[in-house]
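> Here's a sequence, model it:
(one chain, ligands or ions: 3)
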Amino acid sequence: MAEPILEVSGLVKHYPLTQGIVFKKQIGAVKAVDGVDFALDKGETLGIVGESGCGKSTVAKMLVNLEKPTAGSIKYKGEDITALSGRALRTVRRNIQMVFQDPYTSLNPRMTVGDIIGEPYEIHPEVAPKGDRRRKVQDLLDVVGLNPEYINRYPHQFSGGQRQRIGIARGLALRPEIIVADEPVSALDVSVQAQVINLLDRLQTEFELSYLFIAHDLSIVRHISDRVGVMYLGRIVEIGRDAEIYDHPTHPYTQALLSAVPVPDPEAREHRERIILSGDVPSPTNVPSGCRFRTRCWKAQERCELEVPLLAVPAEFRLMSGPAAHDSACHFAEEKQVVPPEEPGRQQEEAGEHGNGPG
Ligand SMILES: Nc1ncnc2c1ncn2[C@@H]1O[C@H](COP(=O)(O)OP(=O)(O)O)[C@@H](O)[C@H]1O
Ligand code: SF4
Ligand SMILES: [Mg+2]
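Residues are numbered from 1 along each chain as shown. Ligands and ions are numbered 1, 2, ... in the order given. Have a look, this model is predicted:
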């Protein structure tokens, strides 16, 4: 098999919790990311899903070097990038770009669209010499479905969906290989979400991009992801191919998340089981011992308190090759179909691009 384009091992980000003003004393740590492993293949989309606060954005920020990991490695084409500096770091940063969650706050309101999209060229003039920039920015506007004549307009003159298209154009400016999209549609109206996802889907083929696509809801990443990883309290608890996660989940947390996903088909909805989790997500400053999900898990037993479940194919599935045999960090992993499988016809319909109209 080819080497993954990105490989993350043992990634940790702990923010120190301090007390005192003059003599700061560390009294603990916010364990925002607490041991994350995954690989991303070239041309692939890996969805990362989990409730708010589970550490998704912190993972994203470490990948694009906005945060330094406390521990662990991030390998880009086999080379650990966490220790790079200078020219080598610039080259890597150029190839891993981020699209941010909120297009309302991530675009500078005082800059024109042309300046926003072309800003990365200031740091990487080798990609677009000064005289060539305007044309390059206009090409990018066209590529994301916006009128190239809008180049001198300001962000407030655009709708939310259009602003996210501007954010995507900026992310593409340096022609990266990897895009880390941190909840790129969460702030948008439901009607506009599908258009932006379809745009990302089309751009992936056009520019041979690899995506890390972050969302808080399993339904959003369903049609764009090849594989999906489910995060809980700083760790990935289950990861596998799209069908393995949606149709054959074995981790109780994934099963609970799936049971809350909107099901459009009324008949399927009726047959779906709702799993209501008790209690709140524990604080990342005070992570439960053993399995970190145990305080909310309806299957928890003594072993769950004592022993950390590792992210691997559970022993009971190791000898079989079916869709249940994927990585799941649970001592008592069991296959459970929560959502009835989709009919292929409807899926096709939903995946079609809805044109480049406003939004
Ligand atoms: N700079 C920071 N200092 C302290 N805690 C932080 C910082 N950034 C994030 N956190 C905490 O880390 C946890 C994970 O945050 P985040 O990665 O933003 O989660 P998500 O994107 O999944 O909602 C949260 O509890 C958050 O409050
Ligand atoms: S290891 Fe135990 S507490 Fe954790 S998910 Fe599995 S059954 Fe639940
Ligand atoms: Mg976030």
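
> Which stretches in the stretch 201-350 of the chain count as helices?
For the stretch 201-350 of the chain, applying DSSP state H, counting those that start in this stretch gives helices covering 218-221, 242-247, 252-259, 266-271, 302-306, 344-351.

> Just tell me which of the ones you listed ends up closest to ligand 3.
Of all the helices of the stretch 201-350 of the chain, it is helix 218-221 that lies closest to ligand 3, at 13.4 Å by Cβ to the ion. C-beta: built from backbone N, CA, C; applies to glycine.

> then that closest one to PDB, C-alphas only?
Only the C-alpha atoms of helix 218-221 are listed here, as PDB (Å, rounded to 0.1, in the frame of the first residue of the first chain):
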ATOM      1  CA  LEU A 218     -22.600  12.200  11.600                       C
ATOM      2  CA  SER A 219     -25.200  13.000   9.000                       C
ATOM      3  CA  ILE A 220     -23.200  15.900   7.500                       C
ATOM      4  CA  VAL A 221     -20.100  13.900   6.700                       C
END
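
> to the chain's geometric centre, what's the distance from that helix?
Relative to its parent chain, helix 218-221 has a centroid offset of 11 Å by Cα atoms, centre = their mean, to the nearest Å.

> what does stretch 33-40 give?
Taking Cα atoms, centre = their mean, one finds stretch 33-40 lying 12 Å from the centre of the chain it belongs to.

> returning to what we had before: I'd like the helices of the stretch 201-350 of the chain as CSV, with mean neighbour count and distance to I166 appended.
Formatted as CSV, those follow (neighbours: other Cβ atoms under 10 Å; distance: least, Cβ to Cβ, whole Å):
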stretch, mean neighbour count, distance to I166
helix 218-221, 22, 21
helix 242-247, 20, 29
helix 252-259, 23, 31
helix 266-271, 10, 37
helix 302-306, 14, 46
helix 344-351, 10, 24
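
> Next, find the distance separating A312 from E238.
Distance of A312 to E238, given as Cβ to Cβ, to the nearest Å: 11 Å.

> follow-up on the earlier one: may I see the helices of the stretch 201-350 of the chain arranged in a markdown table, with distance to ligand 1 and mean pLDDT as well?
As requested, the helices of the stretch 201-350 of the chain are exported to a markdown table (distance: least, Cβ to the nearest ligand atom, whole Å; pLDDT from 0 to 100):
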| stretch | distance to ligand 1 | mean pLDDT |
| --- | --- | --- |
| helix 218-221 | 14 | 89 |
| helix 242-247 | 18 | 94 |
| helix 252-259 | 13 | 95 |
| helix 266-271 | 27 | 79 |
| helix 302-306 | 22 | 97 |
| helix 344-351 | 26 | 45 |
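
> Which one's more surrounded, A312 and E238?
More crowded of A312 and E238, by other Cβ atoms under 10 Å: E238, with 27 against 11.

> quick one: that one and R227 touch, right?
No. Under the contact definition of Cβ atoms under 8 Å, E238 does not touch R227, with a separation of 10.9 Å.

> joint contacts of those two?
Between them, E238 and R227 share these contacting residues under Cβ atoms under 8 Å, 6 or more residues apart in numbering: I245.

> check which helix or strand covers Y121.
Here Y121, judged by DSSP states H and E, is contained in helix 120-123.

> residues making contact with that helix?
Identification of contacts with helix 120-123 by Cβ under 8 Å, 6+ apart yields R90, V127, A128, R133, K136, R170, A173, L174.

> measure the first one to ligand 2 for me?
By that I understand R90. 42 Å (Cβ to the nearest ligand atom, to the nearest Å).

> Kindly confirm my reading that that residue forms part of a helix.
Yes. Counting by DSSP: H, G, I helix; E, B strand; the rest coil, R90 is found in a helix.

> how many neighbours does the closest residue in space to D189 that isn't next to it in sequence have?
Nearest residue to D189, sequence neighbours excluded (Cβ to Cβ, 6 or more residues apart in numbering): G160, at 6.9 Å. Neighbour count of G160, defined by other Cβ under 10 Å: 17.

> Then L277?
By other Cβ under 10 Å, 18 other residues sit near L277.

> what do you get for T58?
23.

> which residues touch it?
With Cβ under 8 Å, 6+ apart, T58 has these contacts: K13, A32, V33, E67.

> Check the gap between the most centrally placed residue in the chain and ligand 3 for me.
By Cα atoms, centre = their mean, the mean C-alpha position of the chain lies nearest to I214, the distance being 1.9 Å. Distance, I214 to ligand 3, by Cβ to the ion, to the nearest Å: 7 Å.

> Could you report the pLDDT at the residue nearest to R303 when sequence neighbours are not counted?
Leaving aside its sequence neighbours, R303 sits nearest to H331 (Cβ to Cβ, 6+ apart; 5.4 Å). Among the per-residue scores, H331 holds a pLDDT of 97.

> Surely H331 and C297 touch.
No. Using Cβ under 8 Å as the test, H331 is too far from C297 to be in contact (10.2 Å).

> Which neighbours do the two have in common?
Residues touching both H331 and C297 (Cβ under 8 Å, 6+ apart): C291, C304.

> who touches both of A312 and E238?
Joint contacts of A312 and E238 (Cβ under 8 Å, 6+ apart) are D327, S328, A329.

> Please flag which of the residues you listed sit within strands.
Filtering the shared contacts of A312 and E238 for membership in strands, criterion DSSP state E, returns D327, S328.

> For S283, state which of the shared contacts of A312 and E238 is nearest.
Of all the shared contacts of A312 and E238, the one with the least separation from S283 (Cβ to Cβ) is A329, at 20.0 Å.

> picking up where we left off before, ok now do the residue nearest to D189, which residues does it touch?
Contacts for G160 (Cβ under 8 Å, 6+ apart) come out as P103, Y104, A187, L188, D189, V192, G359.
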